[in-house]
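Student: predicted model follows, preceded by the sequence.
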Amino acid sequence: MTNDPKQETTPEDNVEELNIDEISQDHEESEATQAEAEDKQAAGTPENEVEKWRNLAHRNQAELENFRKRMARDKMDAIQYSNLGLLEELLPIIDNFEMGLMAAKDVSAESVIYQGMNMVHQQMQNFLTDHGVERI
C-alpha cells in the first residue's frame, strides 16, 4: 500500500452519489405500482366480480323492461294513428249517408228502407264513438 493520500479510497468514495430527483422518482414509481396492484387485487376479488355482474344484470333487466314498455306504447300509437286516416276518409261517406237517410225519411218514415238505413246509421255512430270520434 502506498502512502499517497490521493490513491487511497474509502468505502464512502465507492458509494455512488444519488440525485434527489432520482430518489423521488423511484419512490413515486413504487407508489404507483403498489396502487395498481391494490386496484387489481380489489377488482379481482370474487365478491367484487359478483357485485359487478349483479349490477350489470340489474341494469340490463331495467333496460329490457323499458324497451318492452316503449314498444307497447309505440304499437298502440301506430294502431291509433293508422285508424285515424281511415276514420277521416269515412266521415264524408257518413255525411252522404245521413243526407240519404233524411231523404228517405221525407218520403216515408215508416218504410222498411228508412228503418234499415237508420239502424246502419246508428251502428256507424256507435263505431265512431268507440274509436274516439266525436260530433262537433
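Tutor: Arrived safely.
Student: quick check: which helices or strands does the longest helix seen in the chain pack against?
Tutor: Longest helix in the chain, counting residues (DSSP state H): helix 46-107. Counting contacts by 3 or more CB pairs under 8 Å, 6 or more residues apart in numbering; DSSP states H and E, helix 46-107 packs against helix 112-130. Any C-beta I mention is one placed from the backbone N, CA and C, and that applies to glycine too.
Student: buried stuff in the helix it packs on?
Tutor: Under the neighbour-count criterion of 16 or more other CB atoms under 10 Å, helix 112-130 has Y114, M117, M124, L128 buried.
Student: now that helix: mean pLDDT?
Tutor: If you average the pLDDT over helix 112-130, you get 91.
Student: quick one: that helix to helix 46-107, angle?
Tutor: 160 degrees (axes from the mean of the first three to the mean of the last three CA atoms, to 10 degrees).
Student: kindly export helix 112-130 (C-alpha atoms) in CSV.
Tutor: Extracted C-alpha coordinates of helix 112-130, given in CSV (Å, rounded to 0.1, in the frame of the first residue of the first chain):
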residue,chain,number,x,y,z
VAL,A,112,-138.5,-0.6,-44.2
ILE,A,113,-135.7,1.0,-46.2
TYR,A,114,-135.6,4.0,-43.9
GLN,A,115,-135.7,1.8,-40.8
GLY,A,116,-132.8,-0.3,-42.1
MET,A,117,-130.8,2.8,-43.0
ASN,A,118,-131.4,4.2,-39.6
MET,A,119,-130.1,1.0,-37.9
VAL,A,120,-127.0,1.1,-40.1
HIS,A,121,-126.5,4.8,-39.2
GLN,A,122,-126.8,4.0,-35.5
GLN,A,123,-124.2,1.3,-35.9
MET,A,124,-121.8,3.7,-37.6
GLN,A,125,-122.3,6.3,-34.9
ASN,A,126,-121.5,3.7,-32.2
PHE,A,127,-118.4,2.5,-34.2
LEU,A,128,-117.1,6.1,-34.4
THR,A,129,-117.8,6.8,-30.7
ASP,A,130,-115.9,3.6,-29.8
